[in-house]
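Enquirer: starting from these lines, generate the structure:
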Amino acid sequence: MSEASAHQDPPASGGYLPIADHGLIGDLRSVALVGTDGTIDWYCCPAFDAPSVFASILDADRGGSFRLAAAVPARTKQFYFPDTNVLVTRFFTEDGVGEVQDFMPVDGDPTEADRHRLIRRVLCVRGSIPFHARVAPRFDYAAQPHTARTHDGMVVFESANLSLALTCTEPLECDGLDATVDFKLQQGESAVFALDQVSGDVAPRRCPRAEAEELLVATVAFWRHWLTASQYRGRWREMVHRSALTLKLLTYAPTGAIVAAATTSLPEQLGGERNWDYRYVWVRDAAFCVYALLRLGFTSEAESFMAFTARHISPGDGHPAGPLQIMYGIDGRTDLHERELTHLEGYQGSSPVRVGNAAADQLQLDIYGALIDSVYLYDKWAQPISSDQWDDICALVDWVCDHWDQPDEGVWETRGGRKNFLYSRLMCWVAIERAMRLATRRGLPADILRWRGARDTIYRRIMKRCWSTTRQAFVQHEDDDVLDAAVLMMPLAKFISPTDPKWLSTLDALTEDLVSDSLVYRYDPNTSPDGLRGEEGTFSICSFWYVEALTRAGRLDEARLAFEKMLTYANHLGLYAEEISHTGEQLGNFPQAFTHLALISAAFNLDRALG
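Expert: A predicted model of the protein is given here:
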């Protein structure tokens, strides 16, 4: 990716950088956010959903951070090593140019799987630059006390549940809580910081310059080798590949889980209460990720996720909301108890800060269609599913045939009561229709007559009760006139022809009501109350769905313009949060899998249509 536009110190709003002013690094187990000022202000160890070690993005004073920057005024720019998830932050000063190379080692060596190292290489590439570092962990979301002591030239941070060791090629100072160091580098000189989890009998080891360079080379090679599996050669290759690399960073290698986002509680509206924990496996989001990665030619991630579903998602679980829970922990656990961390102020004062997610107990019928569609595509593009997997699919489809007509909370997880959402009906139709296709293509045993009857009943119900003659459009839920961007999935799911007059009329109505300069709102909470206070930004997955709907309708000039406009809302690295504010700022958890998988799908289909 090309370098970022310059950022001036100090950061904006009360010590908080804009959400978009971050890059992401990770090791397929956890991730860290690195600000354009060189500060790591979000890091959970040893996994995505573990309590935070650095969380100054959620509380600038109390959250904890790892600051590393030039000790003099500097402009900064940030970019990724091409085709990798190794991040470089450059500092431009009056006396020289320096850079920090941030990465978490990944080299495919299973013996290194539990090391959880975070490495920061500092280099002076021109002139001379003084640097300052302050490492201030705050364990368990800044709720658990810790001590810091020097040991054999390193600093060991110890708390009740986790200990970390910091090594540096420069002499560290420790005040019993934090570690600091000031040092100056001349052109060609370097320094290395390594933060390691201290576990069991494994003694923390130093990270000399030569080893850091070897780990960097191995990590770069890992990411570039992974990306060679991509078959995309289209117009937007750089953005598509950055999205693919981001989705890969959001996968948890030990189980094949794919999390919805890297963070918790980044607000959908500054000062609002729409702050949620997204570090879990949404069946819907993960299934769509599988689709996007399969489209590009990445089959191993799909295989790993299929193994995750087979291992952790059993139709016989007897969950009160149906055989599938809408989300799971990265280890397959089902208890995702939601609580508020009242001691943290939230990003720019946006409280509450939440961990866990109470929406896990909601009924969202669309997840059955998302999951079964991904299984269908996996069977078609990767490898045939097993007989045991087919038995599970049949059980799910039979359940959908019996329960598709229940009201539910819907795809947007509203907390304002259950309704008969069109999108939920649509994806139940997808669940049955894809299973029928799979059974027919593979000659697998299935109760086709029963399935066809349910599928056709759903189709007629949608066409009759979700069509508004007043709006001349398909609407959010039965027997109402409220619009919802989720209906953009109707032609994408092959429920309706993208040139059907009813669909074209719907597309026009959505454009008039919910689209703002290519950006798409999910719905209007004033006309469709969702049980929460406040407004929200435009929802980026919907904006990419809109591009794809225009593409399929043959409106290619509009689609391409809308797509190019959406690309201007990405951050300097090509990353997206969940939403975009009315001023163009990124809002919500970051980066968001939903947005990146939709970008891939829109780019793929638009590129193909353009020829």
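
Enquirer: every contact and neighbour count from this point should use C-alpha atoms.
Expert: Noted.

Enquirer: tell me what Ala261 is bridged to.
Expert: Gln592 (DSSP bridges).

Enquirer: so that it lines up with my notes, have the first residue be 52 from now on.
Expert: Sounds good: first residue 52 from here, last item Ala312.

Enquirer: list the contacts of it.
Expert: 301, 329-331, 640-644 (CA atoms under 8 Å, 6 or more residues apart in numbering).

Enquirer: and what of Glu599?
Expert: For Glu599, the contact set (CA under 8 Å, 6+ apart) comprises 543, 610, 652-653, 656-657.

Enquirer: which single one of the contacts of Ala312 is nearest to Ala600?
Expert: For the contacts of Ala312, the minimum distance to Ala600 (CA to CA) is 19.9 Å, reached by Ala644.

Enquirer: residues near the closest one, how many?
Expert: 32 (other CA atoms under 10 Å).

Enquirer: how far away is it from Asp134?
Expert: Using CA to CA, to the nearest Å, Ala644 is found at 18 Å from Asp134.

Enquirer: go on, Trp480?
Expert: Distance, Trp480 to Asp134, using CA to CA: 39 Å.

Enquirer: what segments of this structure are helices?
Expert: Ranges of helices in the chain, per DSSP state H, are 190-193, 260-278, 288-300, 334-347, 351-363, 417-432, 438-454, 473-493, 499-516, 540-543, 552-565, 591-603, 607-618, 644-661.

Enquirer: buried stuff in the last one?
Expert: Applying a neighbour-count criterion of 16 or more other CA atoms under 10 Å, one finds 644-658 buried in helix 644-661.

Enquirer: neighbour count for Trp480 and Asp134, which is higher?
Expert: Trp480 (29 against 19).

Enquirer: my read: that one touches Arg506, true?
Expert: Yes: at 5.4 Å, Trp480 counts as touching Arg506 under the criterion of CA atoms under 8 Å.

Enquirer: still on that earlier bit, neighbour-wise, which one of the contacts of Ala312 leads?
Expert: Most neighbours among these, by other CA under 10 Å: Ala644, with 32 neighbours.

Enquirer: rewinding a little: identify the contacts common to Trp480 and Arg506.
Expert: By CA under 8 Å, 6+ apart, no residue touches both Trp480 and Arg506.

Enquirer: one step back: so of the helices of the chain, which one's packed in deepest?
Expert: Mean neighbour count, computed with mean count of other CA atoms under 10 Å, is highest for helix 591-603 among these, reaching a mean of 27.

Enquirer: pLDDT of that one, averaged?
Expert: In this model, helix 591-603 carries a mean pLDDT of 97.

Enquirer: same question, stretch 508-526
Expert: 97.

Enquirer: can you get me the start-to-end distance on that stretch?
Expert: 18 Å.

Enquirer: for stretch 461-477, same thing?
Expert: Start-to-end, stretch 461-477 (CA to CA) is 11 Å.

Enquirer: picking that back up, and the contacts of Glu599, which two are the farthest apart?
Expert: Leu543 and Ala610 (14.3 Å).

Enquirer: show me where the stretch 302-451 of the chain dips below the pLDDT cut-off.
Expert: Within the stretch 302-451 of the chain, the stretches with pLDDT under 70 are 365-371.

Enquirer: gap between the longest strand anywhere in the chain and the chain center?
Expert: For the chain, the strand with the greatest residue count under DSSP state E is strand 168-187. In terms of CA atoms, centre = their mean, to the nearest Å, the centre of strand 168-187 is found 29 Å from the chain centre.

Enquirer: just to revisit the earlier point, dump the contacts of Glu599 to a markdown table, plus distance to Asp226.
Expert: As requested, these are exported to a markdown table (distance: CA to CA, whole Å):
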| residue | distance to Asp226 |
| --- | --- |
| Leu543 | 58 |
| Ala610 | 57 |
| Ser652 | 51 |
| Ala653 | 52 |
| Asn656 | 57 |
| Leu657 | 57 |
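
Enquirer: Ala644 touches Cys340, doesn't it?
Expert: Yes: between Ala644 and Cys340 there is a contact under CA under 8 Å: 7.3 Å.

Enquirer: what touches both of the two?
Expert: With CA under 8 Å, 6+ apart, Ala644 and Cys340 have common neighbours Leu298.

Enquirer: hang on, the earlier thing: now the helices of the chain as a markdown table including distance to Arg80?
Expert: Output for those, formatted as a markdown table (distance: least, CA to CA, whole Å):
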| stretch | distance to Arg80 |
| --- | --- |
| helix 190-193 | 18 |
| helix 260-278 | 14 |
| helix 288-300 | 8 |
| helix 334-347 | 16 |
| helix 351-363 | 14 |
| helix 417-432 | 23 |
| helix 438-454 | 27 |
| helix 473-493 | 31 |
| helix 499-516 | 40 |
| helix 540-543 | 32 |
| helix 552-565 | 37 |
| helix 591-603 | 25 |
| helix 607-618 | 28 |
| helix 644-661 | 16 |
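
Enquirer: of those, which is nearest Gly461?
Expert: Comparing the helices of the chain by CA to CA, helix 473-493 comes nearest, at 6.2 Å.

Enquirer: pLDDT of the closest one, averaged?
Expert: 98.

Enquirer: which strands or helices does it pack on?
Expert: With contacts defined as 3 or more CA pairs under 8 Å, 6 or more residues apart in numbering; DSSP states H and E, helix 473-493 has these neighbours: helix 417-432, helix 438-454, helix 499-516.

Enquirer: with distance to Gly147 added, can I get the ones you listed in a markdown table?
Expert: Compiled in a markdown table, the helices and strands packed on helix 473-493 are given as follows (distance: least, CA to CA, whole Å):
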| stretch | distance to Gly147 |
| --- | --- |
| helix 417-432 | 51 |
| helix 438-454 | 60 |
| helix 499-516 | 65 |
